[in-house]
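> the following comprises the amino acid sequence and a computationally predicted model.
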Amino acid sequence: MTENQKHEKQNFRLKDLFNRPSKPYANPYLGGVLLGMVLFASYFITGNGLGASGGLSRIAAFVEDLIAPGHIDQVPYLINMAGGQRNPLDSWIVIVTAGVLIGGFTSGVIHGRTKFETHKGPNISNQTRWLFAFLGGICFTYGARLARGCTSGQALSGGATLSAGSWVVMFSIFGGAYALAYFVRRLWN
Amino acid sequence: MIPFPLHLESLLSKPLTYLVFLMIGFLFGYVLEISGFNHSPSLASQFYFKDLRVFKVFFTAIVVGMLLLFLSSAVGLLDYNLIWVNPTYLWSGIVGGLIMGVGFILGGFCPGTSLVALATLKIDGIFFVLGGLVGVFIFGETVDLYKFFFNGSYYGRLTLMDVFNLPTGIVVILVTLMALFMFLGGEQLEKIYGNKDPKKAPKARYYGAGVLVIVAIVIAIIGQPTTADRWNKLESVRGDDLNNREVYIHPGELLDTFHDHKLNLVMIDVRSEADYNLFHLLDAENITPAEIPETIDDFIAMPANTVFVVMSNDEVTSTEIWKTLTAQAVPNVYILSGGINNWLATFATPYEEGFCGYTTEAGEEELHYEFDAALGSNCPAAYPDHDEYHLEYEKKIKLDLKRAPVGGGCG
């Protein structure tokens, strides 16, 4: 080890972990095969598929329970999750959500893609992007609660188990997005 | 018995169960990240046919997941009846899906991908997640305004096999081929709109496609296990329960179960409609053996404290139905010992006897009581007075753990 390398090693800082060179993403078909295997493992071991919006809705219920516990007990939809003494976070889907965060973070660090940045189309400002991300988030989870699941819980998991309703939801998601894409093309192009 | 899915709650302590779910979530998040699902322009550009990365990942995952699921089911490793299949709510699914599509193109993420974007510190992802929490809040506050729509057009556990009336193997092949054609078309669209040269993509994907088709064909050739296959596998475990009469309950136990409010009693009367009309137990459902297969999904979905009691005139038909239901993974199924004939022998009052004579000449599975009027359940023996009878019997009903999940990842 040369003096220079020793010096570099001593000066390792946490910050450098987030400034590693970004590596390209995996081949999409390979990513799909791996995702399919994770999905299968989930069903095979637990009988349940993957999900994301369920975790989000329980986190929202938890926050609401902190702010206005009395209110939760009057909203039928929330009682199931957080009514009375129930802890909305005590559910397997919340644990899966925590795992998603840790797994995504880990892969991002390993591949040099965990860094503060905003991805957007070339013709809008960061602020516009943030606004539309926020609005899109509202719409998406609202629709996901109405359809009883999102792209993970309905389209992916239900698609693989050949649930008829999930295929309908899947085509509706893609249909809605394709139908609107032309009119909001400035956001992305 | 078909070994998978496991019943984690009974095998592991709660922290270990949660560790399994944490691992699954970890892998889910990791794979979403390496697939580029935290990069919103990639997610959005599929809707402009420029880069179909997300579309390819997504449908490959569905096909691979589907093939592994139905292959393991075909070889008897996984019980398809016991995995969560999203129930179909047609119109709320369509409207919810369209709203999600709007959120997708505006926000550039879906909930799962936004979590990965947040975890990798993408600021647009953080805003999407915050919006998502607000969306849940608004939904909770507004769903009561249209709860009939939300809970309407319900079709239960409906699969593509049910809709198209095709065997599982054929649906699996069709879905696989559809995905491969979409990939082929998608690569052409990328060439036109995104200036991507499909020739530069690895050749290995053709071999991969070949493997998928072969696996789909193998699944179709093996076929999914029939009730008889399932019973053959189960016989070594449950056959003794039949031989030792562990699942035949005394009429007195059934009468006590009427009044046990901790149990959800479902009585299944599998006799002909004619016999059912002559006499049946109060609240017993008339389901003929031919109709039984359609009821299985609903039975599996019932609450964990449900007890099913099958009855016929004697025990031959009810025992066959017990085998069918048990082989199809319906939990807690019992048989009324001696059937309706024994029930009437135990509980018939002078009122019923006024309408019928007893014959010893009835054949197997025939009613020994010759009714001259259809009493249905409008007579005392259909719901005997609990205080009047104090019968001695050996208690047989024990609740098994429910193995099937009660909800998916979206509840």
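All right, it came through fine.
> residue B:360: neighbour count?
Other residues within reach of residue B:360, judged by other Cβ atoms under 10 Å in any protein chain shown, total 5. Glycine gets a C-beta too; all of them are placed from N, C-alpha and C.
> need the three-state assignment for it.
coil (DSSP: H, G, I helix; E, B strand; the rest coil).
> distance of the closest residue to it other than its chain neighbours relative to residue B:284?
Spatial nearest neighbour of residue B:360, excluding adjacent residues (Cβ to Cβ, 6 or more residues apart in numbering or on different chains): residue B:368 at 7.2 Å. Residue B:368 sits 18 Å away from residue B:284, taking Cβ to Cβ, to the nearest Å as the criterion.
> wait, does stretch B:28-45 make contact with chain A?
Yes. Between stretch B:28-45 and chain A, judged by Cβ under 8 Å from any Cβ of the partner chain, the touching residues are B:28-36, B:38-42, B:44-45.
> if you could redo that for stretch B:96-111, that was the one I meant.
Yes. For a cut-off given as Cβ under 8 Å from any Cβ, stretch B:96-111 has contacts with chain A, namely B:96-111.
> what about the strands in the stretch 101-250 of chain B?
Counting by DSSP state E, counting those that start in this stretch, residue ranges of the strands within the stretch 101-250 of chain B are B:154-156, B:248-249.
> residue contacts, the spatially closest residue to residue A:130 that is not a sequence neighbour?
Nearest in space to residue A:130, with sequence neighbours left out and distances taken as Cβ to Cβ, 6+ apart, is residue B:127 at 4.5 Å. Taking Cβ atoms under 8 Å, 6 or more residues apart in numbering or on different chains as the definition of contact, the neighbours of residue B:127 are A:130, A:131, A:133, A:134, A:137.
> picking up where we left off before, wait, which of the strands of the stretch 101-250 of chain B is closest to residue B:270?
Counting by Cβ to Cβ, residue B:270 lies closest to strand B:248-249 out of the strands of the stretch 101-250 of chain B; the figure is 15.0 Å.
> for whichever helix or strand comes after the closest one, packing partners?
Scanning the chain past strand B:248-249 towards its C-terminal end, the next helix or strand to appear is helix B:251-258 (assignment: DSSP states H and E). Here helix B:251-258 touches strand B:264-269, strand B:306-311, helix B:339-347, going by 3 or more Cβ pairs under 8 Å, 6 or more residues apart in numbering or on different chains; DSSP states H and E.
> mean neighbour count, the ones you listed: which tops it?
Per-stretch averages of neighbours, counted by mean count of other Cβ atoms under 10 Å in any protein chain shown, single out strand B:306-311 among those, with a mean of 24.
> most centrally placed residue in chain A?
Chain A has residue A:52 as the residue nearest its centroid, 5.9 Å off, counting by Cα atoms, centre = their mean.
> list the contacts for residue A:103?
By Cβ under 8 Å, 6+ apart, the residues touching residue A:103 are B:25, B:26, B:27, B:28, B:29, B:30, B:31, B:32, B:33, B:116, B:119.
> Three-state assignment for the fifth one, please.
What it means is residue B:29. Here residue B:29 is recorded as helix under three-state DSSP.
> would you turn the helices and strands packed on helix B:251-258 into TSV with distance to chain A and mean pLDDT?
Conversion of the helices and strands packed on helix B:251-258 to TSV gives the following (distance: least, Cβ to the nearest Cβ, whole Å; pLDDT from 0 to 100):
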stretch	distance to chain A	mean pLDDT
strand B:264-269	19	94
strand B:306-311	18	94
helix B:339-347	35	89
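> quick one: the helices in chain A?
Read by DSSP state H, chain A holds these helices, from start to end of the chain: A:3-10, A:14-17, A:28-46, A:53-67, A:69-72, A:76-82, A:92-110, A:126-146, A:157-160, A:164-181, A:185-188.
> residue B:334 is nearest to which of those?
Taking Cβ to Cβ as the criterion, helix A:28-46 is the member of the helices of chain A that comes nearest to residue B:334, at 28.6 Å.
> can I get that closest one in CSV, CA atoms only?
As requested, the backbone C-alpha atoms of helix A:28-46 are provided in CSV (Å, rounded to 0.1, in the frame of the first residue of the first chain):
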residue,chain,number,x,y,z
PRO,A,28,-34.8,-5.0,-18.2
TYR,A,29,-35.5,-8.7,-19.0
LEU,A,30,-33.0,-9.8,-16.3
GLY,A,31,-34.6,-7.4,-13.8
GLY,A,32,-38.0,-8.9,-14.7
VAL,A,33,-36.8,-12.4,-14.2
LEU,A,34,-35.4,-11.5,-10.8
LEU,A,35,-38.6,-9.6,-9.8
GLY,A,36,-40.7,-12.6,-10.9
MET,A,37,-38.6,-14.8,-8.7
VAL,A,38,-39.0,-12.5,-5.7
LEU,A,39,-42.8,-12.4,-6.4
PHE,A,40,-42.9,-16.2,-6.6
ALA,A,41,-40.9,-16.6,-3.4
SER,A,42,-43.3,-14.3,-1.6
TYR,A,43,-46.3,-16.4,-2.6
PHE,A,44,-44.6,-19.7,-2.2
ILE,A,45,-43.5,-19.0,1.4
THR,A,46,-46.2,-16.8,2.8
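> so does that helix get close to chain B?
Yes. Using Cβ under 8 Å from any Cβ, we find that helix A:28-46 touches chain B at A:28-29, A:31-46.
> pLDDT-wise, which helix or strand of chain A ranks last?
Of all regular secondary-structure elements in chain A, judged by mean pLDDT, DSSP states H and E, the least confident is helix A:3-10 with a mean of 54.
> and the residue nearest to residue B:79 when sequence neighbours are not counted, what's its pLDDT?
Of all residues not flanking residue B:79 in the chain, residue B:2 sits nearest, at 4.1 Å (Cβ to Cβ, 6+ apart). Reported pLDDT at residue B:2 in the predicted model: 79.
> residue B:2 reaches residue B:80, doesn't it?
No. When contacts are counted by Cβ atoms under 8 Å, residue B:2 is not listed as touching residue B:80 (9.1 Å).
> export the contacts of residue A:103 to TSV and tack on neighbour count and pLDDT?
Conversion of the contacts of residue A:103 to TSV gives the following (neighbours: other Cβ atoms under 10 Å in any protein chain shown; pLDDT from 0 to 100):
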residue	neighbour count	pLDDT
B:25	30	94
B:26	22	96
B:27	21	96
B:28	29	95
B:29	32	95
B:30	24	96
B:31	28	96
B:32	29	95
B:33	31	95
B:116	31	94
B:119	26	94
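> in JSON lines: those, plus distance to residue B:181.
Listed next are the contacts of residue A:103 as JSON lines, based on distance: Cβ to Cβ, whole Å:
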{"residue": "B:25", "distance to residue B:181": "33"}
{"residue": "B:26", "distance to residue B:181": "34"}
{"residue": "B:27", "distance to residue B:181": "29"}
{"residue": "B:28", "distance to residue B:181": "28"}
{"residue": "B:29", "distance to residue B:181": "31"}
{"residue": "B:30", "distance to residue B:181": "30"}
{"residue": "B:31", "distance to residue B:181": "25"}
{"residue": "B:32", "distance to residue B:181": "25"}
{"residue": "B:33", "distance to residue B:181": "29"}
{"residue": "B:116", "distance to residue B:181": "29"}
{"residue": "B:119", "distance to residue B:181": "35"}
